[in-house]
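Undergrad: Mind looking at a prediction? Sequence and model below.
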Amino acid sequence: MPAKYCLILAFFAFLCFNAKAQNRTIDININNTKGPLSKSFNMCVGAGRANEGLRADWQRQLTITQAECGFKYIRFHGLLSDDMGVYSEDKNGHPVYNWQYIDELFDFLQQIHMKPFVEVGFMPGALASGNKTIFWWKGNVTPPKDYQKWNDLIKALVTHWTQRYSQKEVASWYFEVWNEPNLKDGFFTGTQQDYFKLYKETAMAIKSVSASYRVGGPATAGNAWVPETIAFCIQQEAPIDFISTHDYGVKQGFLDEKGNTGTILSRDRNLIANDMHHVKQQIQNSALPNLELHYTEWSASYTPSDPIHDSYHEAAFILNTIKHAAPYVNSMSYWTFTDIFEEAGPRTTPFHGGFGLINYQDIKKPAYYAFKYLNELGDTELQSADSSAIICKDAKNNVQVLVWDFTIDHPGDSVNNQVFYKRNLPAKSLPPTHLKIGGLKPGKYTLSIYKTGYQANDPYTAYFKLGSPSQLTIAQVKLLKQGSGAPIEQVVVNVSSSGSFGKELNIRQNDVLLIKLDRVKQ
């Protein structure tokens, strides 16, 4: 093709793209409903390890997060690790069980109306077949040396929970066997067949207490072992109620707790959603097509040393993933709710790229507001052609519009996340978005607009402007929390007899807006 024609085609492509960018219109009618809003996004959330859940600051942060983001379950590592004091043996080799720390933690969860998504692991030292451990807190990742003692431990613990909380309550929990056993250099020293043996023994021990208790796996990294797990359970008649696995939005590896490798955000904006769809199809094409699918870990990055977790970009990443993945999953547990997370030991700076929605000082990151806004949506989703919006109404016909821009401005392989996101990154402007809502009852409404994005509920950018201090003073913490969560606009508007309302929205790259239209009581 002659060069001049290539230039003409490129010019027309540019015009089409520019026209599209300038004409983003969200036009909805509250009478055109899509159906019940999927709540897979806040069914479960992750945390580092069980022992951290005994801390007052961890419990304080979870109480706040549960109240504002609505998470119903929580999952964490290390429930059976030695720092929980669960299992030891006397001088004659007889098992000694101790539920004190577990009771303290689980009683707290009951108190704030959360349920455990029980990750069964890691191995108590006295039961371990080897001495390999992982992380600063030394979780043992070897199979049991005595399956009879392991099974007895699991039965005793599940029986204890049944007696303490009731069979009905425990039947509402989930039991997941181990964590990422496919990472032989990380979380499990055995082979796939060794894991399958551990799975079957553990699942049958749990089911021996009550057949109504839900158990599943394989809790793998990177969507692995799903067809193999189902085939094993069919062949060996091992009980299974759900599939669980993990996914992260990066291009390489699955374990890097110190961030030394250097992570790179995938340029595929729907990487995780597409993976979730693929795994759902694997289940549907299997001999057990109705198994639930739970993603018990997911995030933009698999290392707690990745500054994208602190950046305003993370909020838009979260919403884009949830929007496109929700039809395929029963739950997608964001990893994690807090930076109180010690895989690499206690961290030394207030913003270090931690997984959490909240940092050490209770400072809420942009990611936090993504979940808070989602939790404020009504139960009925409305029809919308916009791929970057979720629009709902509640029982009183009040309307909630959650809208965002998700732009991957990371350049790709030329720079790591640890370099690209660890700086001040002003957002680029975009043409206005036009919001039109029809079908409203005439009258007065309170219009409230909430925002997260660059310099809006964006403590990480404010932290840079303070000079990125290694420790924060009380005054600096107060400054970084200033105005957090407040609406950027709140006015009373009048909807005429036409029943329509319009608003021009200023949305920059990776901004997130929540617009609420609440009818004023007459």
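TA: Thanks, I have the structure now. If you're wondering where the values come from, they're calculated on a predicted model, not measured in any experiment. Residues are numbered from 1 along each chain as shown.

Undergrad: Low-confidence ranges, the protein, go.
TA: Scanning the chain for pLDDT under 70 picks out the ranges 1-22, 252-259.

Undergrad: Can you give me the domain assignment for it?
TA: Per automatic domain parsing, the domain ranges recorded for the chain read 25-36+382-519, 40-378.

Undergrad: Determine how far stretch 349-367 lies from the middle of the whole chain.
TA: Put simply, stretch 349-367 sits 14 Å off its chain's centre (Cα atoms, centre = their mean, to the nearest Å).

Undergrad: before we move on, the earlier item: just the domains of the chain: most buried one?
TA: Highest mean neighbour count among the domains of the chain (mean count of other Cβ atoms under 10 Å): domain 40-378, with a mean of 20. Quick note: C-beta positions are derived from backbone N, CA and C, even for glycine.

Undergrad: Pull up the distance across that domain, start to finish.
TA: 14 Å (Cα to Cα, to the nearest Å).

Undergrad: Please enumerate the helices of the chain.
TA: 3-22, 56-69, 100-111, 147-165, 167-170, 192-209, 226-236, 271-284, 313-325, 366-375, 417-420, 459-465, 474-481 (DSSP state H).

Undergrad: how about the ones you listed, which one is nearest residue 84?
TA: helix 100-111 (4.8 Å; Cβ to Cβ).

Undergrad: gap between the closest one and the chain center?
TA: With Cα atoms, centre = their mean, you get 23 Å for helix 100-111.

Undergrad: Could you name the helices and strands sitting against that helix?
TA: strand 115-120, helix 147-165 (3 or more Cβ pairs under 8 Å, 6 or more residues apart in numbering; DSSP states H and E).

Undergrad: just the angle between the last one and helix 192-209, please?
TA: Between the direction of helix 147-165 and that of helix 192-209, the angle (axes from the mean of the first three to the mean of the last three Cα atoms, to 10 degrees) works out to 40 degrees.

Undergrad: center of this protein, which residue is that?
TA: Against the mean C-alpha coordinate of the chain, by Cα atoms, centre = their mean, the closest residue is residue 334 at 1.1 Å.

Undergrad: can I assume it is in contact with residue 43?
TA: No. Counting by Cβ atoms under 8 Å, residue 334 stays clear of residue 43, with 10.6 Å between them.

Undergrad: Please tabulate the helices of the chain in TSV, including the columns distance to residue 347.
TA: Converted to TSV, those look like this (distance: least, Cβ to Cβ, whole Å):
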stretch	distance to residue 347
helix 3-22	40
helix 56-69	13
helix 100-111	22
helix 147-165	31
helix 167-170	35
helix 192-209	31
helix 226-236	34
helix 271-284	25
helix 313-325	18
helix 366-375	17
helix 417-420	14
helix 459-465	14
helix 474-481	16
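
Undergrad: So which of these is nearest residue 487?
TA: helix 366-375 (11.7 Å).

Undergrad: distance between that closest one and the chain's centre?
TA: The chain centroid and the centroid of helix 366-375 are separated by 11 Å under Cα atoms, centre = their mean.

Undergrad: what does that helix rub up against?
TA: 41-42, 65, 68-71, 309, 311-316, 318-319, 322, 334, 357-358, 390, 402, 450, 452-453, 457-458, 460, 485, 512, 514 (Cβ atoms under 8 Å, 6 or more residues apart in numbering).

Undergrad: Is it possible to get JSON lines of the helices and strands packed on helix 100-111 that adds distance to residue 34?
TA: Output for the helices and strands packed on helix 100-111, formatted as JSON lines (distance: least, Cβ to Cβ, whole Å):
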{"stretch": "strand 115-120", "distance to residue 34": "28"}
{"stretch": "helix 147-165", "distance to residue 34": "37"}
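
Undergrad: Residue 467 is nearest to which of those?
TA: Relative to residue 467, the nearest member of the helices and strands packed on helix 100-111 by Cβ to Cβ is strand 115-120, separated by 39.5 Å.

Undergrad: Just give the strands next to that closest one in its sheet, each with its orientation.
TA: The strands that strand 115-120 pairs with in its sheet are strand 73-77 (parallel), strand 174-177 (parallel) (by DSSP bridges).
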